[in-house]
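A.B. asks: Provide a 3D model corresponding to the input given below.
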Amino acid sequence: MSIEKVEIFTQPEEHRPRSPSVEESAREKLEQLIEKHPIPPPEPNVADPQSVREATLNDIKQQMDRKNNGTSQPERDQDGFEIPRGKIPLDSQFSTEELKYILELCKEEGVLKGEVDLKVLEHGDLGDRVVIAESSSSDLV
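C.D. replies: So this is what the prediction gives:
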């Protein structure tokens with residue numbers, strides 16, 4: 001069985017805004033990221049030919065607009081990695097405490113399918129190196 005895991009870097013604690021709480025600063029950062037990387041509209045219903053046609057025309061129009069505006073290149077993060085459409089980058093966006101809070105919130109809301117844990121692999125001046133993986137896994141390291 002393959003264990004899925006994500007390894008990212010977090011911000012140093014001193015880069016966390018001086019807001020009243022970890023919850024508040026995590027919420028503010030998420031709102032800013034969502035505003036910067038909007039969620040795309042849902043996929044069209046394939047059973048409805050009209051909605052497929054409209055979605056295709058919309059995609060073509062967006063591609064033409066990007067070409068005309070010179071933004072035909074995919075969006076990239078500060079490390080040069082492509083940011084998939086509709087996704088927000090997490091690497092170096094949150095402190096370790098903020099990331100723990102977001103993970104707990106996702107667990108409480110049922111967003112995660114299974115038990116997931118966060119483990120700090122390494123502390124550094126530029127932030128912590130953390131891994132997020134299934135909690136039953138000894139493959140956290």
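
A.B. asks: how about the strands in the chain?
C.D. replies: For the chain, the strands defined by DSSP state E occupy 5-9, 116-122, 129-134.

A.B. asks: now the helices for the protein?
C.D. replies: All helices of the chain, identified by DSSP state H, fall at 22-36, 49-69, 96-109.

A.B. asks: right, and those helices - which one's nearest residue 12?
C.D. replies: Among those, the nearest to residue 12 by C-beta to C-beta is helix 96-109 (9.2 Å). The way it works is simple: take the backbone N, C-alpha and C, and place the C-beta from them, glycine included.

A.B. asks: Now that closest one: buried residues?
C.D. replies: Residues of helix 96-109 classed as buried by neighbour count (16 or more other C-beta atoms under 10 Å): 96-103.

A.B. asks: ok, and what's touching it?
C.D. replies: 8, 10, 13, 16, 22-23, 25-26, 29-30, 90, 94, 112, 115-116, 118, 120, 127-128, 130, 132 (C-beta atoms under 8 Å, 6 or more residues apart in numbering).

A.B. asks: export the helices of the chain to a markdown table and tack on mean pLDDT?
C.D. replies: Compiled in a markdown table, the helices of the chain are given as follows (pLDDT from 0 to 100):
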| stretch | mean pLDDT |
| --- | --- |
| helix 22-36 | 87 |
| helix 49-69 | 71 |
| helix 96-109 | 89 |
